[in-house]
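Enquirer: Build me a model:
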Amino acid sequence: MKNYISFDVGGTDVKFAIINETGEILRKDSYKSPDNIEEFFRKIIETTSSSEETLSGMALSLPGAVDSFNGIIGGSSALPYIHGPNFKKILKEATSLDVEMENDANCAALAEAWLGVAKDKKDILFIVIGTGVGGAVIKDGKIHHGINLHGGEFGYMISDFLDGKILTLSDTGSIRGLTRRVEKRLNLPKDSINGVEVYKMAEEGNSVAKEEINYFYKKLAQ
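Expert: Got it, this is the predicted structure:
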């Protein structure tokens, strides 16, 4: 049975796993997302070369407008340095493995369609709520990429207006948006708290945390 190494690249962490062709996870781990592209590729190559399993390929789940055919990422994401390099060319040359890549929300939707809650379904709308808000559209069992590879990017929808500014769903309905609003209202340093801590603050009676969580839920519901 063939084994593959897969990387789920996020703004905070890079999660990776060795899986077989039936979807069974043989081993998994994670590390902090690097600060630059050189370290980013070095960590992937190092992690892959240290695998004890014989690997038949590499799969990458990535933020942004992922061009899975050409190996380049357009658009924007929490990791600005990933936009530009040819992932397939660089990693194939470094590891000798075949490399496939896709937008992270599309990967999540395909996984649910393969083995998850949407198994055997052909038409799916999928929303990812994390650092930002992403999504995917699957039509007749295939990802609908859209003309500019932004199909399913629900995070760009206009969600609110505040002090003359247009706010998107990624601003109002994401965990990063939630933590930023709480930090601003409580005069806390930027990136000093995470979503878990905001919920803990609400449980302990913090009125600001409670109000912002309710706003977060309201915008997602709308």
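Enquirer: For the chain, which helix extends over the most residues?
Expert: helix 207-221 (DSSP state H).
Enquirer: Show me which residues of that one are buried.
Expert: 209, 212-213, 215-216, 219 (16 or more other CB atoms under 10 Å). Placement of C-beta: from N, CA and C, glycine included.
Enquirer: Could you list every helix and strand in contact with that helix?
Expert: Here helix 207-221 touches helix 169-172, helix 175-185, helix 195-203, going by 3 or more CB pairs under 8 Å, 6 or more residues apart in numbering; DSSP states H and E.
Enquirer: Pick the one among the buried residues of helix 207-221 closest to residue 158.
Expert: residue 219 (11.0 Å; CB to CB).
Enquirer: now the closest one, nearest residue through space, not along the chain?
Expert: Of all residues not flanking residue 219 in the chain, residue 172 sits nearest, at 3.9 Å (CB to CB, 6 or more residues apart in numbering).
Enquirer: How about the contacts made by the one you found?
Expert: By CB atoms under 8 Å, 6 or more residues apart in numbering, the residues touching residue 172 are 159-160, 215-216, 219.
Enquirer: Go again with 6 Å.
Expert: Residues near residue 172 by CB atoms under 6 Å, 6 or more residues apart in numbering: 159-160, 219.
Enquirer: same question, residue 139
Expert: residue 123.
Enquirer: what do you get if the cut-off is 10 Å, keeping everything else the same?
Expert: Neighbouring residues of residue 139 by CB atoms under 10 Å, 6 or more residues apart in numbering: 122-125, 151.
Enquirer: Do you know the pLDDT at residue 76?
Expert: Residue 76 carries a pLDDT value of 83.
Enquirer: In space, what's closest to it - neighbours in sequence excluded?
Expert: residue 64 (6.5 Å).
Enquirer: Hmm, that neighbour is touching residue 149, no?
Expert: Yes: the criterion here is CB atoms under 10 Å, and residue 64 meets it with residue 149 at 8.5 Å.
Enquirer: What is the neighbour count of the closest residue to residue 208 other than its chain neighbours?
Expert: Excluding the flanking residues, the one nearest residue 208 by CB to CB, 6+ apart is residue 185, at 5.0 Å. For residue 185, the count of nearby residues is 13 (other CB atoms under 10 Å).
Enquirer: Pull the contacting residues for residue 185.
Expert: By CB under 10 Å, 6+ apart, the residues touching residue 185 are 207-209, 211-212.
Enquirer: And residue 15, by the same measure?
Expert: By CB under 10 Å, 6+ apart, the neighbours of residue 15 are 6-9, 28-31, 61.
Enquirer: Check which residues of stretch 109-129 are buried.
Expert: For stretch 109-129, a neighbour-count test (16+ other CB under 10 Å) marks 109-110, 112-113, 118, 124, 126-129 as buried.
Enquirer: sorry, back to before: among the contacts of residue 15, which one lies nearest to residue 17?
Expert: Nearest to residue 17 out of the contacts of residue 15 is residue 28 (CB to CB; 3.8 Å).
Enquirer: Fine, thanks again, bye for now.
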